[in-house]
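>>> Got a predicted model here, sequence first, then my questions.
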Number of protein chains: 4
Amino acid sequence: MQQITADLVQQVIQPRPTESHKGTFGRVMVIGGNQQFGGAAIMSATAAVYGGAGLVTCATDLFNATSLHAQLPEAMVLAATDKAQMATLLPKMDVIVVGPGLGTDTWGQTVLQQVFQQVQPQQVVIIDGSAIDLVASQGLTLPQAQLVLTPHQMEWQRLSGIAIADQQVACNLAVQQQLQATLVLKSARTQVYLPNGTVWENTVGTPAMATGGMGDTLTGVLAAFAAQFKPLDQAILAGVYTHSAIASELAQQQYVVLPTQIARQLPFFMQEQARRG
Amino acid sequence: MQQITADLVQQVIQPRPTESHKGTFGRVMVIGGNQQFGGAAIMSATAAVYGGAGLVTCATDLFNATSLHAQLPEAMVLAATDKAQMATLLPKMDVIVVGPGLGTDTWGQTVLQQVFQQVQPQQVVIIDGSAIDLVASQGLTLPQAQLVLTPHQMEWQRLSGIAIADQQVACNLAVQQQLQATLVLKSARTQVYLPNGTVWENTVGTPAMATGGMGDTLTGVLAAFAAQFKPLDQAILAGVYTHSAIASELAQQQYVVLPTQIARQLPFFMQEQARRG
Amino acid sequence: MQQITADLVQQVIQPRPTESHKGTFGRVMVIGGNQQFGGAAIMSATAAVYGGAGLVTCATDLFNATSLHAQLPEAMVLAATDKAQMATLLPKMDVIVVGPGLGTDTWGQTVLQQVFQQVQPQQVVIIDGSAIDLVASQGLTLPQAQLVLTPHQMEWQRLSGIAIADQQVACNLAVQQQLQATLVLKSARTQVYLPNGTVWENTVGTPAMATGGMGDTLTGVLAAFAAQFKPLDQAILAGVYTHSAIASELAQQQYVVLPTQIARQLPFFMQEQARRG
Amino acid sequence: MQQITADLVQQVIQPRPTESHKGTFGRVMVIGGNQQFGGAAIMSATAAVYGGAGLVTCATDLFNATSLHAQLPEAMVLAATDKAQMATLLPKMDVIVVGPGLGTDTWGQTVLQQVFQQVQPQQVVIIDGSAIDLVASQGLTLPQAQLVLTPHQMEWQRLSGIAIADQQVACNLAVQQQLQATLVLKSARTQVYLPNGTVWENTVGTPAMATGGMGDTLTGVLAAFAAQFKPLDQAILAGVYTHSAIASELAQQQYVVLPTQIARQLPFFMQEQARRG
């Protein structure tokens, strides 16, 4: 198992090219947020914007539109159930996050199935939270795409069938390779399983991160990084590290670190890395 | 009467264990917030999140969902009158706050009664504000649980029958022991009556705290502390002190201290205590 | 004409008594905010809360409830057209602000008339903006109360019949004495006409204050000061000065000063004055 | 091609006259924001307020009213489709921004046509985003007014018929002169074509600005500057520079700069320029 280092992050986060425009830095769509868990989609979209994605759209229950825009007018919003708009916009996306606050009821199932039907092979699709649970419980086939799965250990148990106690690297790797997806297995020490079969361990992080919404924020960071940095493998590794490294910095002074605090720190942390790289 | 000291707080707030996840730090549900008093539930939930509770849900009039999420996407939200969801989620909670902004009309009564019916003995239930008034006016029986009552002096008069002028320690203690609840009796110098019969006095605080919503914020602090720290007695004492100590610090520079300002300071104050402990 | 000085403000803003509670610092109701001008009521309520009023309620078009609570959960909210609630709550208020964002259409007229009918002689009633225009255009009789009128020069022209060019002290004083109200006549150099016939001039202020919402914020400051400090005359003078003095401080670094920025600075400015007094 | 310099900006941004009121600094209306793109109108209005416009109204889909007021109570709001209110208010405006988040569907078309019908020759009308696309696709005649067009290169291609690769100064100038409008042609190095035939190049800016909403914010800055500073040509040049100069300053520490961060910095940057001028 290899370790994700600050060096790697600094190689990934390069100064932006002078001749660029918002399209250069990618289009991200965050899909999720039912009435109960709307905050999750907001936190993901917030991290995507502060993480530097060029354009961010949040497809959600419109119940969440006002609270999203009250804090993040930078994002666009649409009803996740609006088939016409989704069919128009989804193909234009570089990166899709599906799952934060999606829930597992009929609404979430309907949204997830439509997304899976429309996803295209060249798109990066980050599948999180409820979406992972739905794949497991409904036996859904993962779409052809550049997949990134971000389960915590219990979600991974449900999806992989490997009990938490048995989630050793070799077992995880075998299932991940079958799934043909990048696996970001979240825990106190998150592991990343890449399509090339290498396995990476996050070396930073803090128990101050153990609070609701932290995983939602991670999906936004990963989306922003995937939208801006190539290759995807490096972008994901750097995103995982960045999310935890910011938390560790904030935890110097904070007993608990809120997910939205991490998002707001992204532009500063990223600029430091770009300088050092 | 014993005094709550900084030493006690520093013994309670320990550095978080490295091997932990959000479940380690407890599930809190704040129940309250009708259309008029929605801010009270928001302030309680805000303090619970910033105070480090692992997962916070706010069960409220959905009228308040957008304003909650506009400032605190970290919390989940549901309709307090949704019997099915409440029946599913309430049993999973470690700590329940009921009362902030609940109101005393039919809506509040209905919500309170359902909560009391579903509470389980091992749960910590913090009963505040309108909920205390309803218990008094409706003659409700308190549920079997680890109860914490947080009345101010007028609410305590209504509940206990002891006029404010007569609220001496001995009288208060007698009724509190009958109620089999922790009593946090709020005043310019708040007193805490523990189930073991000891009585504690808060030694910090400032008149800059005398503003609407301060008690709602206290419930969120107590909930976060009860969710993270054991035993409950110590957690409550430390929470009472922390709430006032932050206010006193802010009051060095502020003529009035807003409840949400205290909430946002919690992560910093708690980290200082964890360092010193 | 006398000048309002920092000395006067420091005599008014005294350190808070240790034995106090939120009731000590008064109950304020801000009445206003139709759908178009909802921000005005929000800004007034915000200044009232940050200015130290013990309890603040905003009676408004409920259309504004969510945006209010999204930034100020400390305030309570109710529908200004809810006759039953208004009849219950208005008599409990120490200070009433009516006018910010009220508008002059039927909704505003209805609300204003009900307020005027219910006001009681001992209450401080601050009449601003649209409410002044309505008094002028509808020929409404001012209620028996401790009245404070806060017109800018054009509103004063409409109410008093004195053209702006003719608004000399003697003329203004004559009408103000007839109205039996404190007159805060807003301009680049605001004047205050007290019931005792003395006239005061504000000596601070900056053109950086010339932006929409500044007057709404002033009503909130005046309400908070009237709720906390006696006698009323001194509270009004100190409030006028404080509002402008904070703006002048911020204008050292800002080309324009936003009304909500002044509100958020109130606790700090007031504490400085209390220290010096 | 001439370069916009800091000197020019410092000549434009003069200290405010002492004898002034909010009317002195102009009335701005931002028209835009359908349900999907409501954030665009919010960002434009935010920049207009922080940029010092005296009074700012946002005419939008009322779906956006709450999220606007949750962060910017300083602005007024109305339904862009309310013909009566629009007919009353539009003629009172000094500067109109139409386009941010307007969209190109029927709603946007209806709003744009009504605005074009009511605009008066002396008004400054800033036409942005969807409004430019609608002019191009619907073959709308531009109204008689002091027009400012703010297309990015693709929008300019649609409007002018000049392919991006062919957008040389001479070609652009020819079309701009025909349109009798100021042209702000946005790119990594924005150009400004004035009615007098001079062409100016922005000399500051950073790729950290390449993110969604940056152009919406620019419209608000231009509106605020046009409302306060004369002549219009100089105001537009100074506005373009200011928007980018703030971004460049923030980009010293930030990898990406959010549009709302630029807006909030306006009062500070403008005061520095006024001091130096």
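Cool, got the structure.
>>> surely residue A:25 meets residue A:51?
No. Judged on CB atoms under 8 Å, residue A:25 makes no contact with residue A:51 at a distance of 9.8 Å. To be clear about C-beta, it is placed using only N, CA and C from the backbone, and glycine gets the same treatment.
>>> Identify the contacts common to these two.
Between them, residue A:25 and residue A:51 share these contacting residues under CB atoms under 8 Å, 6 or more residues apart in numbering or on different chains: residue D:256.
>>> Phi and psi next, for the closest residue to residue A:214 other than its chain neighbours.
Of all residues not flanking residue A:214 in the chain, residue A:259 sits nearest, at 5.2 Å (CB to CB, 6 or more residues apart in numbering or on different chains). Main-chain dihedrals, residue A:259, degrees, to the nearest 10: phi -50, psi -40.
>>> ok, residue A:259 to chain C distance?
Here the distance between residue A:259 and chain C works out to 18 Å (CB to the nearest CB, to the nearest Å).
>>> where do the strands sit along the stretch 151-277 of chain A?
A:181-185, A:191-193, A:199-201 (DSSP state E, counting those that start in this stretch).
>>> what packs against the second one?
Under the contact criterion of 3 or more CB pairs under 8 Å, 6 or more residues apart in numbering or on different chains; DSSP states H and E, the helices and strands touching strand A:191-193 comprise helix A:169-179, strand A:181-185, strand A:199-201, helix A:232-250.
>>> Does the shortest one reach chain B?
No. Where contact is defined by CB under 8 Å from any CB of the partner chain, no part of strand A:199-201 touches chain B; the two come within 14.5 Å at best.
>>> same check, this time on stretch A:164-175
No. Stretch A:164-175 does not reach chain B (CB under 8 Å from any CB); its nearest approach is 11.0 Å.
>>> so how far does that stretch reach from one end to the other?
14 Å (CA to CA, to the nearest Å).
>>> what comes up buried for it?
A:167, A:172, A:173, A:175 (16 or more other CB atoms under 10 Å in any protein chain shown).
>>> now those in JSON lines, with pLDDT and distance to residue A:18?
Formatted as JSON lines, these follow (pLDDT from 0 to 100; distance: CB to CB, whole Å):
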{"residue": "A:167", "pLDDT": "97", "distance to residue A:18": "45"}
{"residue": "A:172", "pLDDT": "98", "distance to residue A:18": "42"}
{"residue": "A:173", "pLDDT": "98", "distance to residue A:18": "41"}
{"residue": "A:175", "pLDDT": "98", "distance to residue A:18": "44"}
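>>> Let me know the closest of these to chain B.
Chain B has its nearest neighbour among the buried residues of stretch A:164-175 in residue A:167, at 13.9 Å by CB to the nearest CB.
>>> residue contacts, the closest residue to chain B within the stretch 101-250 of chain A?
Using CB to the nearest CB, residue A:207 is the residue of the stretch 101-250 of chain A that sits closest to chain B, at 3.6 Å. Shown in contact with residue A:207 (CB under 8 Å, 6+ apart): A:188, B:16, B:17, B:18, B:20, B:24.
>>> The last one - how many residues pack around it?
Applying other CB atoms under 10 Å in any protein chain shown, we find 15 other residues in the vicinity of residue B:24.
>>> can you give me how far stretch A:17-26 is from the chain middle?
Relative to the mean C-alpha coordinate of its chain, stretch A:17-26 is positioned 21 Å out (CA atoms, centre = their mean, to the nearest Å).
>>> Repeat that for stretch A:109-129.
So, by CA atoms, centre = their mean, the centroid of stretch A:109-129 is 13 Å from its chain's centroid.
>>> Just checking it against chain B, any contact.
No. Figure legend: stretch A:109-129 not in contact with chain B (CB under 8 Å from any CB); closest approach 12.3 Å.
>>> ok, which stretches of chain A are helices?
Under the criterion DSSP state H, chain A contains helices at A:6-12, A:38-50, A:65-71, A:83-89, A:106-118, A:130-138, A:153-160, A:169-179, A:214-228, A:232-250, A:259-276.
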